[in-house]
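>>> give the three-dimensional model of this entry:
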Amino acid sequence: MRITQFTMYNNFLINQQRTLNELNKTTTELSTGKKIQNMYDSPTVFVNDLKFQEKINTFTQIKNSANFAKIFANETDTTLNDIVTTLNSFKTKLLNAANDTNNKTSREAIAKELEGELNHLKDLANTSIGGKYIFSGSMFNTKPINNELKYQGNGETVKAFLGAGVEREYNIDGKSLFLGRDNDYKKHLSLNIPQFDKMKANPEYVVRGSDGKLYIDKHLKDHNKIPDSNDVPKNEPVTPDSEIRMLTGVEDIYDSNTDTYSDGTSYFYIKGKTSNGITINTKISLKNSEKVSALLDKIGELYGNTLTAKKVNVSINDMGEIQIKDVESGKLITDFYIVASDKNENSLEDVIKNGDYIVEFQKSNFNSVRNLDTIKANNGYFDNRIYTFGSIFRLMDNSRDALPSDKIQDVIGKKALNGYGNFILIDHLTLSGTDTDGNNVNVTLSVGPNTTMQDLIDKIKSDFGDVNVKLENGELKIIDNSLSDKTDTSKLSISIDAEDINGNKLLAFKSKDSINFDRLFMDKKGNLIQSNVTQIIKDYKTYIKDGKTYTIKNPDSQKIATDNINLTDVMGTDSMPQTLKIRFKDKDGNFNVAKIVLQDEEDSDGHLCYFKINGNKYDIYDSKGNKTPAHDVIKTISQIDETTCKICQKEEKTKGLTFRQLGDVIAMIVSNNIPATNSEKDYKNALENAKKEVKTGMDNGHFYLKDLNNNPSKIDIAIYNKNNNHISFEENNAVTIDSAKVDFFRILEKSIEAVKSGNNFPNGNSDNPRNFGIQGAIESIDHLNDHVRKMHAKIGAVSNEFEMSIERVETLTIHTKTLQSENIDTDIGEATMRLNSLKTSYQALLASIAKVNDLTLLNYLR
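Coordinates of the predicted model:
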């Protein structure tokens with residue numbers, strides 16, 4: 001077979017082009033360092049390269065995210081460390097302040113230093129990085145702590161991206177830090193009136209009986225007795241080993257027939273709640289010779305203590321103040337109040353009306369509701385010349401104690417409630433009793449626009465014999481000047497009634513809050529009205545299903561109540577119906593009353609829960625337009641399934657009355673937006689109008705109302721349960737020393753207040769009766785320190801985790817880049833050898849082509 005020159009030439013050209021392409025490709029590989037330049041060069045290599053690059057991009061994103069999170073967490077870690085250091089310094093200053101050698105000047109100096117620490121802690125709380133506040137939750141642009149030391153951020157965590165489906169939070173939100181909760185801490189309560197041994201403080205009333213025992217006799221001269229000793233009076237706090245008579249000072253019983261003494265009886269009126277939400281409203285009695293430890297044991301039993309198990313520890317501090325501390329940690333509900341008397345009455349109101357001897361354990365100077373139509377003076381306080389009332393005289397707005405020059409109508413009101421719930425004009429005061437000579441007295445003092453407290457003082461002076469009358473610190477004090485010695489027996493007695501023109505009694509007087517647990521107006525500052533009681537969800541929940549009542553463990557127990565929580569989840573009883581009484585001033589400053597009735601079954605008028613005002617009842621509706629029961633009500637309904645045509649059962653739930661609905665009712669009545677008729681439509685319209693004037697809700701468990709149109713507001717609100725403490729909103733309860741709940745900056749403020757007051761323990765007789773004292777401050781600061789340390793440990797672990805994540809990502813990035821390089825990068829040695837080989841082949845090819853080009857016919861024939 002012969003091959004022509006032309007065919008050979010074409011083959012050489014094809015091989016030349018192919019070799020040239022390989023040379024170009026190899027040269028490009030060497031110059032770019034990449035095996036391929038286009039996807040079609042090698043789809044497998046290209047696809048693998050994309051996968052590797054995607055991984056590298058992801059690792060870069062993770063590294064950038066982790067780097068920022070690490071910087072953020074490190075700054076948080078550093079700041080928390082500074083907070084711990086400052087808290088330690090704060091505590092050291094508190095310990096110095098607790099030293100009894102400090103005078104007022106040195107305490108003020110320490111308080112100034114503490115205020116500096118407080119400001120530093122505020123600055124630390126407002127730390128930012130890159131323009132982002134580290135303790136504001138997810139609200140990076142919001143300064144967490146404002147000038148009023150209120151938290152402004154949220155409770156959200158922010159997370160860093162650490163891979164597909166993997167995120168890690170890297171912040172400590174300020175809500176957890178400054179308003180958090182530590183369930184390993186126990187609620188600790190303390191009464192606030194120091195209790196001194198009444199016998200050692202008043203030795204002139206202590207006698208020795210024929211049995212050799214010591215007794216209290218406040219009328220010993222009438223019994224021809226003399227004091228057992230001439231000891232100088234001294235204040236010595238009671239202890240658990242003290243006798244009950246030493247604590248209460250209740251008089252013992254003298255029998256003139258046998259010339260012997262026997263124990264008097266002290267009655268203790270106790271209110272509160274156990275740690276799981278059960279109401280305490282009871283009265284116990286103890287003989288005067290029993291030990292105070294017996295009282296502590298009785299209190300413990302009320303809170304669930306048994307011979308084999310304890311729910312609370314009940315003790316007495318160094319000032320004789322009773323304290324209660326939960327045994328179980330994490331509980332928030334425990335509440336406590338106590339008052340004692342020498343009489344067994346049906347209620348504390350009767351104790352005041354009947355002028356019984358009263359022993360105060362707790363006071364707060366809150367604004368009491370006018371709940372008394374009669375007050376009677378008592379002189380059982382170890383000075384038979386002095387009479388005082390269980391009532392307090394303050395201006396109606398509670399701004400200050402009454403002065404003699406004040407108008408009576410500004411003190412007890414122009415109108416007051418009668419027995420039918422109507423406000424009636426106070427026409428006069430009736431003063432009755434006996435004068436200093438024992439003569440009966442019954443006189444009246446007309447109450448007009450110009451009648452003053454001085455007129456009342458003068459009336460008592462003119463009609464009750466040789467007396468002096470003073471109005472001091474809101475107390476009306478009457479002194480029997482006919483007695484030469486405080487141990488003499490007085491014949492004076494005096495009662496005051498407030499009456500209308502027809503002689504009907506009116507509720508015009510206020511109990512001292514030491515004798516008043518929850519008949520109190522909420523605290524008001526400017527246009528904000530807020531309760532002092534934190535509503536905590538109790539341990540059990542009751543609901544009604546198909547007419548049967550069920551009680552289950554509440555999954556939200558011990559949590560702080562919000563707007564959508566049922567009132568019955570907080571109330572200390574589930575028995576229905578229950579009545580909430582509401583005393584209030586409306587937006588115009590006018591007094592009025594209302595009530596809310598909670599019930600699960602319709603009454604004879606077809607009402608479930610309803611409110612009543614001005615004699616009219618109005619149903620309370622939910623957002624769906626349904627009448628509201630007290631508890632959750634579930635009804636099982638049988639219906640036909642449209643797909644299967646079979647009968648199936650469906651549950652319909654109607655939610656019980658919530659705090660939001662309570663707020664809706666309050667908003668309507670204080671703004672005078674009452675429904676035109678008892679209908680869902682008019683209820684909705686009235687509520688919409690009310691919300692334009694007031695805002696209500698729950699703030700950290702506290703019910704509040706904000707007047708949107710007036711500052712200061714004229715509105716006042718008192719809400720309390722008819723049956724005492726089943727639910728309450730403002731309480732003269734025991735002072736909280738510590739609890740599982742943290743309020744960072746409020747604790748710091750209270751600690752500084754404690755130093756300024758100079759009280760080591762709670763002191764109801766100070767300017768700040770609700771303060772926990774320096775010792776309480778030390779305990780609370782220890783808790784804060786531990787709380788911050790927990791957060792510090794948490795963020796430290798997070799910081800370390802991000803450090804490890806960054807190291808891991810860097811390692812993975814290097815490994816992936818190596819694999820990517822192996823996949824797409826040119827092997828220089830191999831490519832160079834291939835290039836040299838191609839060059840040799842190419843040169844040989846060119847030589848061959850040259851020879852072909854030189855061929856002639858002669859050469860061919862040869």
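>>> from Asn759, how far out is Pro769?
Taken as Cβ to Cβ, to the nearest Å, the spacing of Pro769 relative to Asn759 amounts to 10 Å. Placement of C-beta: from N, CA and C, glycine included.
>>> using the three-state scheme, assign Lys587.
Recorded secondary structure, Lys587: coil (DSSP: H, G, I helix; E, B strand; the rest coil).
>>> pretty sure it sits against Ile717.
No. The pair formed by Lys587 and Ile717 falls short of the contact definition of Cβ atoms under 8 Å, at 11.6 Å.
>>> the two: which is more packed in?
Here Lys587 and Ile717 are set side by side on neighbour count (other Cβ atoms under 10 Å), and the busier one is Ile717, at 23 against 19.
>>> residues in contact with that one?
By Cβ atoms under 8 Å, 6 or more residues apart in numbering, the contact list for Ile717 reads Phe521, Met522, Ile529, Ile582, Arg583, Phe584, Ile666, Val670, Leu705.
>>> output the helix or strand where it lies in PDB with nothing but the alpha carbons.
Taking DSSP states H and E as the criterion, the element that holds Ile717 is strand 716-721. The C-alpha atoms that make up strand 716-721 are tabulated as PDB, following Å, rounded to 0.1, in the frame of the first residue of the first chain:
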ATOM      1  CA  ASP A 716     -55.900  55.200  93.800                       C
ATOM      2  CA  ILE A 717     -56.600  51.500  93.900                       C
ATOM      3  CA  ALA A 718     -57.000  48.900  96.700                       C
ATOM      4  CA  ILE A 719     -57.900  45.300  95.800                       C
ATOM      5  CA  TYR A 720     -58.300  42.700  98.400                       C
ATOM      6  CA  ASN A 721     -60.200  39.500  99.000                       C
END
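>>> follow-up on the earlier one: which of the contacts of Ile717 ranks first by neighbour count?
Val670 (28 neighbours).
>>> isn't that residue up against Val694?
Yes. Proximity of Val670 to Val694 meets the contact threshold set by Cβ under 8 Å, at 6.2 Å.
>>> overlap in contacts of these two?
With Cβ under 8 Å, 6+ apart applied, the overlap between the contact sets of Val670 and Val694 consists of Lys587, Leu705, Ile715.
>>> dump those residues into CSV; add pLDDT as well.
Conversion of the shared contacts of Val670 and Val694 to CSV gives the following (pLDDT from 0 to 100):
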residue, pLDDT
Lys587, 96
Leu705, 98
Ile715, 97
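>>> which one of these is nearest Lys122?
Taking Cβ to Cβ as the measure, Leu705 is the one of the shared contacts of Val670 and Val694 closest to Lys122, at 28.4 Å.
>>> which element is the closest one on?
Here Leu705 is covered by strand 702-707, with elements defined by DSSP H and E.
>>> wait, a helix at Leu483?
No. With three-state DSSP as the criterion, Leu483 is coil rather than part of a helix.
>>> that one against Ser490, yeah?
Yes. Using Cβ under 8 Å, Leu483 is in contact with Ser490, at 5.8 Å.
>>> tell me where the stretch 301-450 of the chain has helices.
348-353, 408-411 (DSSP state H, counting those that start in this stretch).
>>> include mean pLDDT when you put those helices into CSV, please.
Supplementary listing: these in CSV, determined by pLDDT from 0 to 100:
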stretch, mean pLDDT
helix 348-353, 92
helix 408-411, 97
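>>> make TSV out of the ones you listed and add distance to Pro237 and mean neighbour count.
Output for the helices of the stretch 301-450 of the chain, formatted as TSV (distance: least, Cβ to Cβ, whole Å; neighbours: other Cβ atoms under 10 Å):
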stretch	distance to Pro237	mean neighbour count
helix 348-353	25	22
helix 408-411	36	21
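>>> adding distance to Asn442, write the ones you listed out as CSV.
What follows is the helices of the stretch 301-450 of the chain, written out as CSV (distance: least, Cβ to Cβ, whole Å):
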stretch, distance to Asn442
helix 348-353, 17
helix 408-411, 19
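>>> for Ile647, find the nearest of those.
Put simply, out of the helices of the stretch 301-450 of the chain the one that sits nearest Ile647 is helix 348-353, at 57.9 Å, with distance taken as Cβ to Cβ.
>>> what sits up against that closest one?
Here helix 348-353 has contacts from 269, 339, 341, 343, 345, 356, 358, 371-372, 374-376, 389-391, 511, 515-517, using Cβ under 8 Å, 6+ apart.
>>> out of those residues, which are buried?
Buried members of these, counted by 16 or more other Cβ atoms under 10 Å: 269, 339, 341, 345, 356, 358, 371-372, 374-376, 389-391, 511, 515-517.
>>> now, the residues you listed that are in strands?
With DSSP state E as the criterion, strands contain Tyr269, Val339, Ser341, Ile358, Asn371, Leu372, Thr374, Ile375, Lys376, Ser391, Ser511 from among the buried ones among the contacts of helix 348-353.
>>> OK, contacts around the third one?
Right, the one you point to is Ser341. Contacts of Ser341 were listed using Cβ under 8 Å, 6+ apart, and they are Val250, Ser266, Tyr267, Tyr269, Val351, Asp356, Tyr357, Ile358, Val359.
>>> ok, the shared contacts of Val670 and Val694 vs Thr562, which is closest?
Distance to Thr562, by Cβ to Cβ, is smallest for Leu705 among the shared contacts of Val670 and Val694, at 16.2 Å.
>>> what is the mean pLDDT for stretch 290-297?
When pLDDT is averaged over stretch 290-297, the result is 98.
>>> buried stuff in it?
Glu290, Lys291, Val292, Ser293, Leu295, Leu296.
>>> quick check, nearest of those residues to Ser89?
Comparing these against Ser89 with Cβ to Cβ picks out Leu296 as the nearest, at 36.9 Å.
>>> confirm that the closest one lies within a strand, as I assumed.
No. With three-state DSSP as the criterion, Leu296 is helix rather than part of a strand.
>>> dump the residue contacts of the closest residue to it other than its chain neighbours.
Of all residues not flanking Leu296 in the chain, Val314 sits nearest, at 4.3 Å (Cβ to Cβ, 6 or more residues apart in numbering). Under the criterion of Cβ under 8 Å, 6+ apart, the contact partners of Val314 comprise Leu296, Asp297, Ile299, Gly300, Tyr303, Asn305, Ile322, Gln323, Ile324.
>>> at 10 Å what do you get?
189, 240, 293, 295-303, 305, 322-325, 336 (Cβ atoms under 10 Å, 6 or more residues apart in numbering).
>>> the residues you listed, buried ones only, as a PyMOL selection?
Here is the PyMOL selection string for the buried members of the contacts of Val314, based on 16+ other Cβ under 10 Å:
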select buried, resi 189+293+295+296+298+299+300+302+303+305+322+323+324+325+336
